[in-house]
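S.K.: Quick one, fold the following:
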Amino acid sequence: MSDLMDKIQNGRQYRNFTDIEIRAKQDDEAEESFRVKGYATTYNEPYVLCSFDDCEIREQVDANAFNECDMSDVIMQYDHNGRVFARISNNTLALTSDDHGLLIDADLGGTEIGRQLYEEIKGGYTSKMSFGFTVDDDAVEEFTEDNKRVYLRTITKIGKLYDVSAVSLPANDGTEISARSFVDGVIAKIESERIQKEAEEKRNNDIAELRNRISELKAEVQTNGN
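M.R.: As a prediction, this is how the structure comes out:
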């Protein structure tokens, strides 16, 4: 389960989502443009957090999850650390919640390293996006699908959005896992149910064995009595 515990710091969670891409130059922009865009997250599209044995844990982001989110000064980084390439406070980063998800639009032309990152994205060397956030509220649904127990977590309220990042190596093609408290809670529940089931089976076996032994003793008594 170690891959589930990557990238969690100070209560923040991180996810990788859809591709980041070069934004087409607008008519009012200079010929040299260093703008990129991409979705930090999409809405109501479940993705798999993890799968093991006969259980699968999925997650999705509700379309209203960002309604009360603190996005006062979100920054754009690379792999969630190091230098800042763009930020809301100096108008080099814009965030827009549309019908599909949370769209980022960043101008990377302000610094030399930003322009280098633009070239990496343009060349396809860096192609994924991620975002760092905290969850204030969620809802969990449990159901069975294809003989597998499925937990679907819907993030209904994101408390704070810290950063959006271009990332080099996503944990998988869809999402990077770090929902430690949620995943641990589900796993703990499954483990508790397993222990309880094993204890109940042992108790039933002990009772059955005791009944068999009583029957044997009764048989012995009857034999000796005759």
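S.K.: which residues does R153 contact?
M.R.: Going by C-beta atoms under 8 Å, 6 or more residues apart in numbering, R153 touches 49, 57-60, 138-140, 179, 182. All C-beta spots, glycine's among them, are computed from the backbone N, C-alpha and C.
S.K.: so it is in which element?
M.R.: According to DSSP states H and E, R153 maps onto strand 148-167.
S.K.: Same question for E141.
M.R.: strand 128-145.
S.K.: same deal with V36?
M.R.: strand 35-42.
S.K.: what residues go with each domain of the chain?
M.R.: The chain breaks down into these domains under automatic domain parsing: 2-178, 180-226.
S.K.: May I ask you to name the longest helix in the chain?
M.R.: Assignment by DSSP state H gives helix 180-225 as the longest helix of the chain.
S.K.: Show me what the mean pLDDT comes to for that one.
M.R.: What helix 180-225 shows for mean pLDDT is 72.
S.K.: Run the angle between it and strand 148-167 for me.
M.R.: Angle between the axes of helix 180-225 and strand 148-167 is 160 degrees (criterion: axes from the mean of the first three to the mean of the last three C-alpha atoms, to 10 degrees).
S.K.: Mind giving me the packing neighbours of helix 180-225?
M.R.: strand 47-52, strand 55-61, strand 128-145, strand 148-167 (3 or more C-beta pairs under 8 Å, 6 or more residues apart in numbering; DSSP states H and E).
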